[in-house]
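> structural data only, the sequence is not supplied:
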């Protein structure tokens with residue numbers, strides 16, 4: 001299409017050259033080109049060139065690298081830019097220096113050819129490539145301006161409109177976008193958090209729009225993320241569908257039921273704590289033989305009782321822990337922390353258990369990681385939960401903790417060489433009270449709440465957690481945390 005366009009019209013060329021002999025040679029070679037026809041103008045200095053360009057349109061400029069009075073091609077390129085003259089420039093010079101070519105390309109020239117290598121074929125090929133590149137850039141710029149104008153809706157527009165750059169920065173958001181920004185815990189001219197970064201990355205990599213619903217407390221939006229071709233931008237559009245999805249009465253009823261459920265779980269858990277504490281103390285007294293000797297059979301039965309009391313106590317504590325997390329009643333003390341230091345501490349703490357099971361705990365840490373704002377104790381809880389889970393389902397081999405930096409996030413991965421998880425079970429892994437089946441049907445114990453709690457903790461840090469697994473070969477559980485965050489205490493409700 002572009003070649004046909006070039007062939008059908010006369011290409012207007014301005015030669016900026018102070019050497020008459022070089023100008024004549026260049027004109028001669030242009031006349032020898034087979035595919036293009038040219039109308040040529042000539043300027044000997046910068047001021048004459050600017051005057052000609054102000055009065056006429058040109059498709060192409062051939063520019064000598066050095067003109068009289070110490071004017072260089074860089075000076076001319078800067079002047080053209082200052083005058084907003086958008087004409088592609090090919091530098092013609094007597095010097096064959098690669099660094100000069102690089103510098104001139106950075107300054108705005110489209111190509112660079114030496115006078116010693118001039119031939120009609122080379123000039124024709126260079127012109128074709130430059131005009132094709134310029135036409136594509138002009139088309140792209142026109143498309144970008146059209147889309148940008150479409151996205152600049154007036155502030156009273158009821159529909160959210162946002163634009164996200166390739167590095168996940170929100171470069172535009174209209175007034176109606178406030179619920180979206182609030183849900184994403186971001187603001188205009190700031191960077192997205194990991195969950196949204198993942199969506200943007202997928203949209204840009206696939207080059208196709210993505211649609212999803214966003215629940216923002218008392219509003220539900222149908223969202224569209226649309227990639228802008230070859231620009232690295234993603235436009236985000238929202239439509240309030242609250243009335244279509246759920247009525248206000250239904251929402252109130254759902255919140256009421258959730259509150260009743262939360263209160264019931266809290267009440268039952270607290271009521272169980274007192275008798276469990278009493279039972280645990282009584283069993284401990286008997287096992288210590290404070291009130292009399294016992295035979296081995298009696299001790300064995302009490303050991304079983306003690307283990308079950310401990311397990312039930314852990315279950316009650318984890319239920320209360322999860323209930324507080326879901327109700328946003330858990331306080332997060334986020335401070336600047338070294339994630340690698342936390343991993344090393346967890347390794348030292350967990351190694352005796354891992355070694356006892358005949359396994360090895362390995363760390364592979366990126367020592368260049370930046371400091372991250374996080375709740376140290378909560379992240380330790382997440383790591384120990386994941387490692388405990390790995391130990392249960394790994395009979396031999398290693399458990400490896402890896403830390404890396406990926407853009408504006410820190411990634412922590414825990415990989416085991418265990419039995420793995422079936423593909424159909426992966427989506428249930430972080431559900432409450434889930435005990436997934438495995439190849440040996442082992443009695444692994446546990447409350448089924450550790451990974452659910454870990455998921456809540458990571459999401460309260462504005463992060464994301466997920467699992468990858470190949471059945472029979474092991475599992476990788478990874479979580480990411482944002483490097484940049486302004487929140488000192490994270491208590492905001494997660495927006496699905």
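All right, it came through fine. What you are looking at is a predicted structure, and each value in this text was computed from that prediction instead of being measured. Numbers count the residues shown, from 1 in each chain.
> the helices in the chain, which residues?
In the chain, the segments counted as helices under DSSP state H are 2-8, 20-31, 46-55, 73-82, 98-107, 120-151, 178-184, 194-206, 242-245, 248-287, 296-326, 339-356, 376-392, 450-460.
> tell me the most buried of those?
Of these, the one with the most neighbours on average (mean count of other CB atoms under 10 Å) is helix 450-460, at a mean of 22. C-beta coordinates here come from the backbone N, C-alpha and C atoms, glycine included.
> output the contacting helices and strands for it.
The helices and strands touching helix 450-460, judged by 3 or more CB pairs under 8 Å, 6 or more residues apart in numbering; DSSP states H and E, are helix 296-326, helix 376-392, strand 464-470, strand 474-482.
> okay, angle between that helix and strand 474-482 too, please.
20 degrees (axes from the mean of the first three to the mean of the last three CA atoms, to 10 degrees).
> the inter-axis angle of helix 450-460 versus helix 194-206?
80 degrees.
> so how far is helix 450-460 from its chain's centroid?
How far helix 450-460 lies from its chain's middle: 20 Å, per CA atoms, centre = their mean, to the nearest Å.
> contacting residues around the residue lying closest to residue 395 once chain neighbours are set aside?
Distances taken as CB to CB, 6 or more residues apart in numbering put residue 418 closest to residue 395, at 7.1 Å, once the chain neighbours are dropped. Contact criterion CB atoms under 8 Å, 6 or more residues apart in numbering gives 390, 393-395, 397, 474-475 as the residues in contact with residue 418.
> give me the number of neighbouring residues for residue 239.
Neighbourhood size, residue 239 [other CB atoms under 10 Å]: 13.
> state the pLDDT value of it.
Listed pLDDT for residue 239 reads 85.
> hmm, back to that, need the contacts of residue 418 in TSV with pLDDT, can you?
Output for the contacts of residue 418, formatted as TSV (pLDDT from 0 to 100):
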residue	pLDDT
390	91
393	88
394	91
395	90
397	93
474	91
475	94
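> what subset of those is buried?
Listed as buried from the contacts of residue 418 are 390, 393-394, 474-475; burial here means 16 or more other CB atoms under 10 Å.
> dump these into TSV; add distance to residue 74 as well.
Putting these into TSV (distance: CB to CB, whole Å) gives the following:
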residue	distance to residue 74
390	60
393	64
394	63
474	57
475	57
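> looking at those, which is nearest residue 407?
Nearest to residue 407 among the buried ones among the contacts of residue 418 is residue 475, at 24.7 Å by CB to CB.
> I'd like the distance between the nearest residue to that closest one once chain neighbours are set aside and residue 355.
Nearest residue to residue 475, sequence neighbours excluded (CB to CB, 6+ apart): residue 469, at 4.1 Å. Taking CB to CB, to the nearest Å as the measure, residue 469 falls 24 Å from residue 355.
> got it, and residue 161?
On the measure of CB to CB, residue 161 and residue 355 end up 56 Å apart.
> could you do residue 125 as well?
According to CB to CB, residue 125 stands 68 Å off from residue 355.
> same question, residue 193
Going from residue 193 to residue 355 by CB to CB gives 37 Å.
> and residue 343, by the same measure?
Going from residue 343 to residue 355 by CB to CB gives 17 Å.
> got it, and residue 41?
Residue 41 is 82 Å from residue 355, by CB to CB.
> among the contacts of residue 418, which pair sits farthest apart?
Greatest spatial distance among the contacts of residue 418 (CB to CB): 395 and 475, at 13.4 Å.
> any idea how this protein splits into domains?
For the chain, automatic domain parsing gives the domain ranges 2-148, 153-245, 248-326, 335-482.
> of these, which shows the lowest average pLDDT?
Across the domains of the chain, domain 248-326 gives the lowest mean pLDDT, at a mean of 72.
> centre-most residue in this structure?
Nearest to the mean C-alpha position of the chain, counting by CA atoms, centre = their mean, stands residue 197 at 3.1 Å.
> which residue comes closest to that one once chain neighbours are left out?
Spatial nearest neighbour of residue 197, excluding adjacent residues (CB to CB, 6+ apart): residue 168 at 4.7 Å.
> residue contacts, that neighbour?
Contact analysis of residue 168 by CB under 8 Å, 6+ apart lists 191-192, 196-197, 200, 407-408.
> distance to residue 95 added to those residues, as TSV?
Listed next are these as TSV, based on distance: CB to CB, whole Å:
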residue	distance to residue 95
191	44
192	47
196	50
197	46
200	45
407	41
408	43
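> the closest residue to residue 334 other than its chain neighbours and residue 48, how far apart?
Closest residue in space to residue 334, ignoring its immediate chain neighbours: residue 373 at 4.8 Å, by CB to CB, 6+ apart. To residue 48, residue 373 is 60 Å away according to CB to CB.
> isn't residue 68 up against residue 17?
No. Applying CB atoms under 8 Å as the test, residue 68 and residue 17 come out as separate, 10.7 Å apart.
> where do the contact lists of the two overlap?
Common neighbours of residue 68 and residue 17, using CB under 8 Å, 6+ apart, are residue 44.
> against residue 111, how distant is residue 424?
Per CB to CB, residue 424 is found 56 Å from residue 111.
> one step back: need the helices of the chain in TSV (columns: distance to residue 222).
As requested, those are exported to TSV (distance: least, CB to CB, whole Å):
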stretch	distance to residue 222
helix 2-8	39
helix 20-31	57
helix 46-55	50
helix 73-82	43
helix 98-107	44
helix 120-151	18
helix 178-184	12
helix 194-206	15
helix 242-245	9
helix 248-287	17
helix 296-326	26
helix 339-356	37
helix 376-392	33
helix 450-460	22
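> tell me which of those helices lies nearest to residue 217.
Evaluated over the helices of the chain, closeness to residue 217 peaks at helix 178-184, with 7.7 Å, by CB to CB.
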